[in-house]
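1. Quick one: sequence plus predicted model below, questions after.
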Amino acid sequence: MDAVTMQVTIPQEKYDLLSEIARERQKSAADVSVEAILDFVEREAALRQGREILLTMPRRAAKAEDSPTDLARHHDRYLYDEE
């Protein structure tokens, strides 16, 4: 895996908290920071993918021959099998 080195500036109080968390986890502040950044990027990527799916659903539904024409009005029926 290719890696990139970054330099960031954070407020001293946040760095102190980060250092405390890192000590509790027996890790370096850099390792905890990388984990946090990677978790954030993965969550954002999943949200982006979900948004893309939601935004393309109407277009894909319109192309389907068997798509319901009353989906907006009766979405609960289709989603939850409720009237």
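-> Yes, it's here. Because the structure is a prediction, the values reported are computed rather than measured.

2. Residue 71 against residue 78, yeah?
-> Yes: with contact defined as CB atoms under 8 Å, residue 71 reaches residue 78; the gap is 6.2 Å. C-betas here are computed from N, CA, C, even on glycine.

3. chain center to the longest helix seen in the chain, what's the gap?
-> Longest helix in the chain, counting residues (DSSP state H): helix 29-63. Its chain's C-alpha centre lies 4 Å from the corresponding centre of helix 29-63 when counted by CA atoms, centre = their mean, to the nearest Å.

4. Report the mean per-residue pLDDT for it.
-> Per-residue confidence for helix 29-63 averages out to 88 on the pLDDT scale.

5. Please spell out which residues along it are buried.
-> In terms of neighbour count (16 or more other CB atoms under 10 Å), helix 29-63 has its buried residues at 32, 33.

6. Give me the packing partners of that helix, helices and strands only.
-> In this structure, helix 29-63 packs against helix 12-24, with contacts taken as 3 or more CB pairs under 8 Å, 6 or more residues apart in numbering; DSSP states H and E.
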